[in-house]
Each structure stands twice: as structure tokens, then as C-alpha cells.
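Asker: kindly return the folded structure for what I paste below:
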Amino acid sequence: MANPVANPILILASGSRYRAELLGRLQIAFRALPSQVDETPQPGENPRELTQRLAVAKARALAQAHPQAWILGSDQSAAAQGRILGKPGTLERAREQLRLLSGQTVEFLTAVALVQGTRLLQALDVTTVRFRRLDETTIERYLAAEPALDCAGSFKCEGLGISLFEEMRSNDPTGLIGLPLIRTAALLREAGFRIP
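Answerer: Sure, this is the predicted structure:
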């Protein structure tokens, strides 16, 4: 019996443990390498444009050094009251973001880009979250229990952060965590990866 053809080489252009854990669910071999990209929004850039541009930029930043591999880049953003939300980095910024999200309905955009040489495959996942009203005590209690300083919007929906929601609408529950696996698996199959 002939050996099955091996999957192409895959590199995840990210240092995010969340994205690595999610991609690991697909049970294909990959390496994770951080991609150094300036994530500053360009003037007039909306969240959708920003997210898609950064996902592609992260993948392309590693593509030249690894021409035989498929490079998977991903980025996530959201906007609330005219402000693009990224990772807060500090407790004060996390408090500020959660105050901004309180009582709001927000679209979280997660873009995926798969690059090899000049080939580009991409997708965008949109998750809509309606936050309940969050008073200062709730915000402090949440951040004391789960300081999500490395998550856009300052919460972890896969953890205690789900308690901050009134409603979530999504075609892919992994999109809000940081890598929409339904769309990612479709792109990988299109690129020649064998995924059941």
C-alpha cells in the first residue's frame, strides 16, 4: 500500500498561544514563528481593512524566508464608539475598554491569510457580541479573576469573559478566540492540506 502524500509545510505567523492551541485542533503539523509587523492603523482605515491588511502582512513577513511553506497569518480587531480596540496591555486600558463595551453591540473581525510565494488565500469571520451593562464593581471583579491583557476587547470568551455577554452571534465560535477554524480549515484544504 502506497504511503499517503504528506501535507505541505505550514507555519503559523504568530506568537499567540491561543492561535497555536486552536490550530492544533486540526491535527496537522505546523511551526509557530512570531511575525514582526507594525499594527498601527493607517489614517482612515476601518476595522475590516485593518484586520485584513494585518493578517496578510503577518503572513508575508515570513513568506520570503520560507518560500516552500504556506504561512498562516491572522489578526483580530473590533470597534466601539469609533475606536478600534486592540490588546489592552495594561489594567487601566482593560478597564477603559470594558467601560466602552458596556451595554454595546460590537462586531469582532478575525481575518485569516494563507500565503505561499505569490499565492494568497484569505477569509474574514465576523462575530457580533452584545455586552451586558458593566458597572465598575463588575469590571474590577472580572479583571481580578481573569486579567485578559493580551486579548482584543479585554475579555476571554472561552473563559469567564463569556459572563460579560448578553448575546453572541457567530458562524464560527473559534473566531472570537482568535482563529476561525471553519474558515481556516477551508483555506488549508484549498491549499492542498488533508483535513478530514
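Asker: pull the helix or strand with minimum mean pLDDT from this structure.
Answerer: When each helix and strand of the chain is scored by mean pLDDT, DSSP states H and E, strand 83-85 comes last, with a mean of 88.
Asker: what's in contact with that strand?
Answerer: By Cβ atoms under 8 Å, 6 or more residues apart in numbering, the residues outside strand 83-85 that reach it are 41, 47, 50, 77-79, 97, 100-101, 152-154. Glycine gets a C-beta too; all of them are placed from N, C-alpha and C.
Asker: now do stretch 153-167
Answerer: By Cβ under 8 Å, 6+ apart, the list of residues contacting stretch 153-167 reads 78, 85, 88, 93-95, 97-98, 101, 106, 108, 129-132, 134, 138, 142-143, 145-146, 148, 151, 168, 176-177.
Asker: report the buried members of the contacts of strand 83-85.
Answerer: Buried subset of the contacts of strand 83-85 (neighbour count, 16 or more other Cβ atoms under 10 Å): 47, 50, 77-79, 97, 100-101, 152-154.
Asker: give me the mean pLDDT for the longest helix seen in the chain.
Answerer: Secondary structure of the chain per DSSP state H: the longest helix is helix 47-63. On average, the pLDDT along helix 47-63 is 96.
Asker: repeat that for stretch 6-15.
Answerer: Model confidence over stretch 6-15, given as mean pLDDT, is 93.
Asker: first-to-last residue distance for that stretch?
Answerer: Taking Cα to Cα, to the nearest Å, the first and last residues of stretch 6-15 lie 25 Å apart.
Asker: list the buried residues in that stretch.
Answerer: 7-8, 10-14.
Asker: would you list every one of the strands in the chain?
Answerer: Along the chain, the segments classed as strands by DSSP state E run 10-12, 31-32, 70-80, 83-85, 105-116, 119-131, 165-169.
Asker: of the buried ones among the contacts of strand 83-85, the lowest pLDDT goes to which?
Answerer: residue 79 (83).
Asker: any weak-confidence spans in this structure?
Answerer: 1-5 (pLDDT under 70).
Asker: now with 80?
Answerer: Under the criterion pLDDT under 80, the flagged ranges of the chain are 1-6.
Asker: now the residue most central in space within it, nearest residue through space, not along the chain?
Answerer: The structure's the chain has its C-alpha centroid closest to residue 178; by Cα atoms, centre = their mean the separation is 2.8 Å. Distances taken as Cβ to Cβ, 6 or more residues apart in numbering place residue 18 nearest to residue 178, at 4.7 Å, with adjacent residues excluded.
Asker: ok so, going back, which of the residues in the least confident helix or strand of the chain are classified as buried?
Answerer: Applying 16+ other Cβ under 10 Å to strand 83-85 flags residue 85 as buried.
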